[in-house]
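S.K.: Structure, please.
(chains A and B)
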Amino acid sequence: MDNQMINKSLAELSVGLQSGKFSSVELTQFYLDRIASHDSELNAFITVTAEQALATAKTADEKIASGSASGLTGIPLAHKDIFCTDGVKTSAGSKMLDNFIAPYNATVVEKLKSISMPMLGKTNMDEFAMGSSNENSYYGAVKNPWDLDRVPGGSSGGSAAAVAAKLAPIATGTDTGGSIRQPASLTGITGIKPTYGRVSRFGMIAYASSLDQGGVFASSAADSALLLEAMSGFDAKDSTSVDIPVPDFSTTLNDSLKGLKIGLPKEYFEEGLNSEVAKVIEAAIEEYKKLGAEIVEVSLPNTHLAIPAYYVIAPAEASSNLSRFDGVRYGYRCEDPVDLTDMYMRSRGDAFGREVKRRIMTGTYALSAGYYDAYYLKAQKIRRLISEDFQKVFEKVDVIMGPVAPETAFKIGEKSDDPISMYLSDIYTIALNLAGLPGMSVPAGFANNMPVGLQIIGNAFTEGKMLNVAHQYQQATDWHKQTPSKYAVSEGEK
Amino acid sequence: MSLTPEEVKKIAFLARLAIKEESIEQYSEDLSGILHLVDQMDAANVEDIEPMAHPQDAMQRLRKDEVTEINQREKLMENAPATENGLFLVPKVLD
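M.R.: Below is the predicted model of the structure:
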């Protein structure tokens, strides 16, 4: 199998499969070999499911031969280890679930399995999706393929590193406060977090249920459009799934951007933003002007309240969601418990990491008697202010743009002892989750030799427009085609 | 808002988390830092603002009270740390 495979789009891979140029078994084995060669240094995967992947690939080849395949059939992918996969360990990056074999498939997994996309494996992540660096994993830190001394971002750091190093053509992730967009930005790939309710949360291990949303890591907006469409849609098994039709995101990718109104929130360009990162974002905005877009300065005046409100709402929901880990029905149980309380306390105390404990305790405190109004209720009111800010801006513009993160990837260990400084790195991503809006990260250049992502924010259920906006930029630039040299295959090379 | 080591112990118990004695001080510092960050909410005027619990302000969807899941008792119990005769085993609750 030709090494050029890693430079092909999903559409090109699909044509190759359908025309019989190569089989899904060959393509899947090719990626399994890349994982075997490179993952020991990246640590992007917690579990590699070679046998299952090849079995699905065989089914895919049969479907292709019999003409019953869809466009994505036979294309392998990686799932974040937060999605339940029937018969396969699903750890959520935690010692708590190190022995957990999921007894069913998440809806996302089921949908992609039903069209025979082979699952290469389950990717590394911050424990229970709590983190912005992937250093909070029980399975160790993931390395950034652009610089192995740096973090890939988090919490979906494994999926981001896998796609950036071309160990998988595409991968799933989840985003509660930036966990798709920030790692996509830090590893130089395309990531999309859709509107809350677009992708089913069934079988996605819960962190903060009113914020969690599944999405995609890909090499381009066009690839993202294909997978997002396949994994989206109403699901009766998710009580907050929204019942509206999923458009064909690919058909609008080539729409012209003439007259597109882009809002630039002044709060996203104030102090705290690294000046080199700012230059990259400004250059991207210039490119959009060339494409015919109009720039409008806007304001999101409550931006500074997003992180404080998030660190009440998310921990409160987490403290409730993670109460299910009690050592009784699944997961870790401590040795020789003397009574029930001892079993709960030591099982949870031994198996949860430090960041998870911090958030559970913060949430427990915020919800405890006498503090509910001052913390949780107040945070929910601020949540509405933040949402209203966005709605006012969307009366005037089609999309909002800005940086994804205030700086490029930091060194492993640099912030791990300072939770607050880590939290502040999510300043530009968190507000969207509070408002339930979709957001993307699109590679826009480099600052100090590390990738920078441009954030595209849309109104609810306008993923088609956002993907169009990202795709047009990717037609005019080639930042999304950059691959770290160690993992790249240049044109003409076999 | 700061949390004393005593308060941390109380919260850890409410959350059923065993915390080693030597780590209490660090948690007290970390949680106080988080609450300090959260206190920035005080600057906001939220009088007459409706709390927002769900991004689309959607109501809980209802469904018919029908059986939709098949019985997978054995499969589901395979992940349990201790079972006997189709039941979860826990330490003695009553003397």
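S.K.: residue nearest the centroid of the chain?
M.R.: I went with chain A, as the question did not name one. A:Ile180 (2.4 Å; C-alpha atoms, centre = their mean).
S.K.: please go with chain B instead
M.R.: Note: chain B centre (C-alpha atoms, centre = their mean) maps to B:Ala15, 6.8 Å.
S.K.: Could you list which residues are in contact with that one?
M.R.: A:319, A:348, A:360-361, A:364 (C-beta atoms under 8 Å, 6 or more residues apart in numbering or on different chains). The C-beta positions use only the backbone N, C-alpha and C, and glycine is treated the same way.
S.K.: Tell me the one of these nearest B:Asn71?
M.R.: Distance to B:Asn71 across the contacts of B:Ala15 (C-beta to C-beta) is lowest for A:Arg348, with 29.5 Å.
S.K.: Wait, the closest one touches A:Arg324, no?
M.R.: No: the criterion here is C-beta atoms under 8 Å, and A:Arg348 misses it with A:Arg324 at 10.7 Å.
S.K.: Return the residues in contact with whichever residue of chain B sits closest to chain A.
M.R.: As assessed by C-beta to the nearest C-beta, chain A sits closest to B:Pro55 within chain B, at 2.2 Å. Shown in contact with B:Pro55 (C-beta under 8 Å, 6+ apart): A:195-197, A:210, A:387, A:434-437, A:460.
S.K.: again, only using 7 Å
M.R.: A:196, A:435-436 (C-beta atoms under 7 Å, 6 or more residues apart in numbering or on different chains).
S.K.: Weed out the non-buried ones from the contacts of B:Ala15.
M.R.: Taking 16 or more other C-beta atoms under 10 Å in any protein chain shown as the criterion, what is buried in those is A:319, A:348, A:360-361, A:364.
S.K.: Now intersect these with the strands, please.
M.R.: Using DSSP state E, the subset of the buried ones among the contacts of B:Ala15 located in strands is empty.
S.K.: Low-confidence ranges, chain B, go.
M.R.: Low-confidence segments of chain B (pLDDT under 70): B:95.
S.K.: Could you confirm whether whichever helix in chain B runs longest reaches chain A?
M.R.: The longest helix of chain B (DSSP state H) is helix B:24-38. Yes: judged by C-beta under 7 Å from any C-beta of the partner chain, helix B:24-38 comes into contact with chain A at B:27, B:30-31, B:33-34, B:37-38.
S.K.: Compute the number of surrounding residues for A:Leu276.
M.R.: For residue A:276 the amino acid is Glu, not Leu. Using other C-beta atoms under 10 Å in any protein chain shown, A:Glu276 has 15 other residues around it.
S.K.: Please tell me how far the residue of chain B lying at maximal distance from its centre sits from A:Pro315.
M.R.: Each residue of chain B has a distance to the centre, and by C-alpha atoms, centre = their mean the biggest one is for B:Asn85: 30.1 Å. Remark: distance between B:Asn85 and A:Pro315 (C-beta to C-beta, to the nearest Å) = 39 Å.
S.K.: Surely A:Thr56 touches A:Ser116?
M.R.: Yes: if you go by C-beta atoms under 7 Å, A:Thr56 and A:Ser116 touch, sitting 5.6 Å apart.
S.K.: a markdown table please, covering the residues of helix B:24-38 next to chain A and showing neighbour count and distance to A:Ala476.
M.R.: Listed next are the residues of helix B:24-38 next to chain A as a markdown table, based on neighbours: other C-beta atoms under 10 Å in any protein chain shown; distance: C-beta to C-beta, whole Å:
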| residue | neighbour count | distance to A:Ala476 |
| --- | --- | --- |
| B:Tyr27 | 22 | 50 |
| B:Asp30 | 23 | 46 |
| B:Leu31 | 24 | 48 |
| B:Gly33 | 18 | 44 |
| B:Ile34 | 24 | 43 |
| B:Leu37 | 19 | 40 |
| B:Val38 | 24 | 43 |
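S.K.: ok, now which ones touch A:Val328?
M.R.: Contacts of A:Val328 by C-beta under 7 Å, 6+ apart are B:88, B:90.
S.K.: What segments of chain B are strands?
M.R.: Ranges of strands within chain B are B:83-84, B:87-88, based on DSSP E.
S.K.: Before we go further, A:Ala78 is sitting in a strand, right?
M.R.: Yes: secondary structure of A:Ala78 (DSSP: H, G, I helix; E, B strand; the rest coil): part of a strand.
S.K.: Which pLDDT does the model give it?
M.R.: On the pLDDT scale, A:Ala78 is placed at 98.
S.K.: tell me which helix or strand of chain A sits lowest on mean pLDDT?
M.R.: When each helix and strand of chain A is scored by mean pLDDT, DSSP states H and E, helix A:419-424 comes last, with a mean of 92.
S.K.: count of neighbours near A:Ala11?
M.R.: If we define neighbours as other C-beta under 10 Å, then A:Ala11 has 16 of them.
S.K.: Next: A:Ser40.
M.R.: 8.
S.K.: So for it, what pLDDT did the model give?
M.R.: At A:Ser40, pLDDT is 97.
S.K.: Please identify which helix or strand holds it.
M.R.: Per DSSP states H and E: A:Ser40 is located in helix A:24-42.
S.K.: Centre of the chain to that helix, how far?
M.R.: 21 Å (C-alpha atoms, centre = their mean, to the nearest Å).
S.K.: tell me what that helix is packed against?
M.R.: Helix A:24-42 is packed against strand A:45-48, helix A:50-66, strand A:119-123, with contacts defined by 3 or more C-beta pairs under 7 Å, 6 or more residues apart in numbering or on different chains; DSSP states H and E.
S.K.: what packs against the second one?
M.R.: Put plainly, it is helix A:50-66. Packing partners of helix A:50-66 (3+ C-beta pairs under 7 Å, 6+ apart): helix A:24-42, strand A:119-123.
S.K.: in that helix, what counts as buried?
M.R.: So, applying 16+ other C-beta under 10 Å, buried residues of helix A:50-66: A:50, A:52-54, A:56-61, A:63-64.
S.K.: For chain B, which residues are neighbours of chain A?
M.R.: Residues of chain B lying close to chain A (C-beta under 7 Å from any C-beta) are B:11-12, B:14-19, B:27, B:30-31, B:33-34, B:37-38, B:40-41, B:44, B:46, B:49-56, B:58, B:60-61, B:72, B:75-76, B:79-81, B:88, B:90-91, B:93.
S.K.: now the helices: where do they sit in the stretch 151-300 of chain A?
M.R.: Listed in chain order, the helices of the stretch 151-300 of chain A (DSSP state H, counting those that start in this stretch) span A:157-164, A:181-187, A:221-231, A:275-290.
S.K.: Run the angle between the first one and strand A:119-123 for me.
M.R.: Relative orientation of helix A:157-164 versus strand A:119-123 (axes from the mean of the first three to the mean of the last three C-alpha atoms, to 10 degrees): 140 degrees.
S.K.: residue farthest from the centroid of chain A?
M.R.: Of all residues in chain A, A:Val338 has its C-alpha farthest from the mean position, at 41.2 Å, by C-alpha atoms, centre = their mean.
S.K.: Now the residue of the stretch 101-250 of chain A at minimum distance from chain B: closest residue in space, sequence neighbours ignored.
M.R.: Minimum separation of the stretch 101-250 of chain A from chain B (C-beta to the nearest C-beta) falls at A:Tyr196, amounting to 4.3 Å. Nearest residue to A:Tyr196 in three dimensions, chain neighbours excluded: A:Gly436, at 3.6 Å (C-beta to C-beta, 6 or more residues apart in numbering or on different chains).
S.K.: was I right about A:Val199 contacting A:Met231?
M.R.: Yes: using C-beta under 7 Å, A:Val199 is in contact with A:Met231, at 5.7 Å.
S.K.: shared neighbours of the two, which are they?
M.R.: With C-beta under 7 Å, 6+ apart, A:Val199 and A:Met231 have common neighbours A:108, A:214.
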